[in-house]
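S.K.: task: produce atomic coordinates for the following.
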Amino acid sequence: MGKEDMEEEVVRLERESVIPVLKPELIGKLAQLIERENDRAEFEKLCRRMEYTIRAWYFLQFEDMMQLYVFFDPVNGETILKQRNMTTDEIETREIGFLTNLFKMMEKSSFKLLSDQEYEVARSGQYLLNLPIEVDESKVDQDLWKRYFREHPQDNLPALADKYIIFRRGIGEDQTTDYFFKKKVDVIVSRVWRLLLRVTRIDRLFSKKQAMSKKDTKKTDEVYEDVEEQSIPVKRIRLDQMELSIKNLLGKMTIQEPTFERMIVVYRRASTKIKPDRGIFVKHFKHIPMADMELLLQEKKNPSLTPMDRVKFLISAIIGVVTLISSLAIPKADIWVVVAILSGVIVYCAKIYFIFRANIATYQNLIAKSMNDNQLDSGKGTLLHLCDDVIQQEVKEVILSYYILMEQGKATVQDIDLRCEQLIKEEFGVECNFDVVDAVRKLEKLGIVSRDSIGRILCVPYKQANDTIGSTTEELVMKAQAPTGP
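M.R.: Residues are numbered from 1 along each chain as shown. Predicted coordinates for the structure are as follows:
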């Protein structure tokens, strides 16, 4: 019960270039599709050699980033900086170097910088969180990202980019089924309030502003129309869209919100000249509902009353004052009637306050849940995870591209892209936006593909590819460690 009684809002989010299949499953499935047993063995060996080689290529880049992060690790970075006694310019040069490597890592791992449009879409709805959340800007450093983007300018930076950098990857859905009695009451009050504004024509004061907003949205829609095919449609089902009926008000309802499956937040706390803080926080989260995304922002202000709660208090106060004055103006006013009315107003205001306190408790529970259940890692652990993630993604792209060339012959880059995406959909039942240009570049670097006179790409056979790459260090180590016979 519930979902069919509410309108569905469709949110479109840009698809990332990522293969959503585990590497062992991908290699196993591709090997099964190869008919000859000898070719199958050579292919599996080639996959191992590709991974070992690509891992070696990235090792130095990863090592450089990890060495730079040592100075900005919030745990031990301050102590190491004091020991090195570096100048401000030397520290800032290392900061920019670390952040440059981090952005490259995010791009290779198919993480996207959260856009202003996505942030506004997220803020336009409510899910489990029903309180306005604001960042305490005095506690967040705003100099680090300004310096970085002066040296590395980017287009369409989100409004939060001076305080936080938020990366996201993967789109999903989260559903919650409950009675939601408090939220249903808020929906009824909100609709009554909007009706009151419409009846009194006060809403006309805001109509011009809303018209301008719709005009801007139309322009934005035109900009994104060209990339609609590359986006993923996900549904948002909210209580404020429900039909008011006895069944809905008294029964369980199911609400649904799009989620970012992986989110990484990078920021620095504010500091003073007397006690500078150079620590850079890198926090990794999973399965975050878009409408509750503010929970991830660190250094938040304590929640306050919602605008609707303030309106309720104001109206209650006005009613109480008007009632008191009207009652006292009557010569033979019954004091008990006055007391009863004022008591009712006070009880109503107390009810609003206690609902607010209940929302605060819910907010604190959500904070604890996001920290305990949804936070995957932070700091060095997140960076190490990203390093391995980049390698796994690159290896899958290279393996899949080579297999397509081996099994289907010469092809253009566009053909490889299309065939790879078709294979993933046919064999694994999932869609992906395949980044084939970088994969072909790596195959060329490995020396196992070439181009003909008209630019088509062709590859060498499995055995020749293995001979071209040669034995890797890992294979030599494993061979040396293998037990020898008597």
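
S.K.: buried stuff in the helix or strand encompassing residue 422?
M.R.: Assigned by DSSP states H and E, residue 422 belongs to helix 413-428. Under the neighbour-count criterion of 16 or more other C-beta atoms under 10 Å, helix 413-428 has 415, 416, 417, 419, 420, 421, 423, 424, 428 buried. No exception for glycine: its C-beta is placed from N, CA and C like everyone else's.

S.K.: export these as JSON lines, with columns for pLDDT and distance to residue 119.
M.R.: Compiled in JSON lines, these are given as follows (pLDDT from 0 to 100; distance: C-beta to C-beta, whole Å):
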{"residue": "415", "pLDDT": "92", "distance to residue 119": "37"}
{"residue": "416", "pLDDT": "92", "distance to residue 119": "35"}
{"residue": "417", "pLDDT": "91", "distance to residue 119": "30"}
{"residue": "419", "pLDDT": "92", "distance to residue 119": "36"}
{"residue": "420", "pLDDT": "91", "distance to residue 119": "32"}
{"residue": "421", "pLDDT": "89", "distance to residue 119": "29"}
{"residue": "423", "pLDDT": "92", "distance to residue 119": "35"}
{"residue": "424", "pLDDT": "92", "distance to residue 119": "30"}
{"residue": "428", "pLDDT": "91", "distance to residue 119": "32"}
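
S.K.: who touches the helix holding residue 422?
M.R.: Contact with helix 413-428 is made by 19, 21, 25, 29, 33, 400-401, 404-405, 408, 411, 430-434, 436-437, 439-440, 457, as judged by C-beta atoms under 8 Å, 6 or more residues apart in numbering.

S.K.: buried members of these into ChimeraX, please.
M.R.: In ChimeraX syntax, the buried subset of these is picked out as below (16+ other C-beta under 10 Å):
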select :19,21,400,401,404,405,411,432,433,434,436,439,440,457
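
S.K.: which members of the contacts of helix 413-428 are positioned in helices?
M.R.: 25, 29, 33, 400, 401, 404, 405, 408, 436, 437, 439, 440 (DSSP state H).

S.K.: list the contacts for residue 260?
M.R.: So residue 260 contacts 168, 169, 170, 171, 172, 288, 290, 293 (C-beta under 8 Å, 6+ apart).

S.K.: repeat that with 7 Å
M.R.: Taking C-beta atoms under 7 Å, 6 or more residues apart in numbering, we find residue 260 in contact with 168, 170, 288, 290.

S.K.: what helix or strand is it on?
M.R.: Here residue 260, judged by DSSP H and E, is contained in strand 253-267.

S.K.: extract the C-alpha trace of that strand and format it as CSV.
M.R.: Taking Å, rounded to 0.1, in the frame of the first residue of the first chain, the C-alpha atoms of strand 253-267 are listed here in CSV:
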residue,chain,number,x,y,z
MET,A,253,3.1,4.3,3.2
THR,A,254,6.3,3.6,1.1
ILE,A,255,8.5,6.5,0.2
GLN,A,256,11.4,6.3,-2.2
GLU,A,257,14.5,8.4,-2.8
PRO,A,258,17.4,8.2,-5.3
THR,A,259,20.7,7.5,-3.7
PHE,A,260,24.3,8.1,-4.4
GLU,A,261,25.9,4.7,-3.9
ARG,A,262,29.4,6.2,-3.1
MET,A,263,30.2,9.7,-1.9
ILE,A,264,33.5,11.2,-0.9
VAL,A,265,33.7,14.4,1.0
VAL,A,266,37.0,16.4,1.2
TYR,A,267,37.3,19.4,3.5
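
S.K.: give the helix, strand or coil label for residue 59.
M.R.: Taken by DSSP: H, G, I helix; E, B strand; the rest coil, the conformation at residue 59 corresponds to helix.

S.K.: okay, now the nearest residue to residue 19 once chain neighbours are set aside: neighbour count?
M.R.: Spatially, and ignoring its direct neighbours in sequence, residue 19 is nearest to residue 396 (4.7 Å; C-beta to C-beta, 6 or more residues apart in numbering). When neighbours are defined as other C-beta atoms under 10 Å, residue 396 has 26 of them.

S.K.: please work out the average pLDDT along the helix or strand containing residue 396.
M.R.: Following DSSP H and E, one finds residue 396 within helix 380-408. The average pLDDT within helix 380-408 is 91.

S.K.: list the buried ones in it?
M.R.: By 16+ other C-beta under 10 Å, the buried positions in helix 380-408 come out as 382-383, 385-387, 389-406.

S.K.: what's the angle from it to helix 413-428?
M.R.: Orientation check (axes from the mean of the first three to the mean of the last three C-alpha atoms, to 10 degrees): helix 380-408 against helix 413-428 gives 100 degrees.

S.K.: tell me the average confidence for the helix or strand containing residue 442?
M.R.: Per DSSP H and E, residue 442 falls inside helix 436-446. For helix 436-446, the mean per-residue pLDDT is 91.

S.K.: buried set for the next helix-or-strand element following that helix?
M.R.: Going down the chain from helix 436-446, the next helix or strand is strand 449-451, by DSSP H and E. Buried residues in strand 449-451, counting neighbours by 16+ other C-beta under 10 Å, are found at residue 449.

S.K.: all helices for the stretch 1-150 of the chain, in order.
M.R.: Taking DSSP state H, counting those that start in this stretch, the helices of the stretch 1-150 of the chain run over residues 23-33, 37-69, 77-84, 88-108, 116-123, 144-151.

S.K.: just to revisit the earlier point, separation between the residue nearest to residue 19 and residue 54?
M.R.: Computed with C-beta to C-beta, to the nearest Å, the distance linking residue 396 and residue 54 is 10 Å.

S.K.: cool, and residue 402?
M.R.: On the measure of C-beta to C-beta, residue 402 and residue 54 end up 12 Å apart.

S.K.: what helix or strand does the residue nearest to residue 378 when sequence neighbours are not counted sit in?
M.R.: Spatial nearest neighbour of residue 378, excluding adjacent residues (C-beta to C-beta, 6+ apart): residue 283 at 4.7 Å. Using DSSP H and E, residue 283 falls within strand 281-289.
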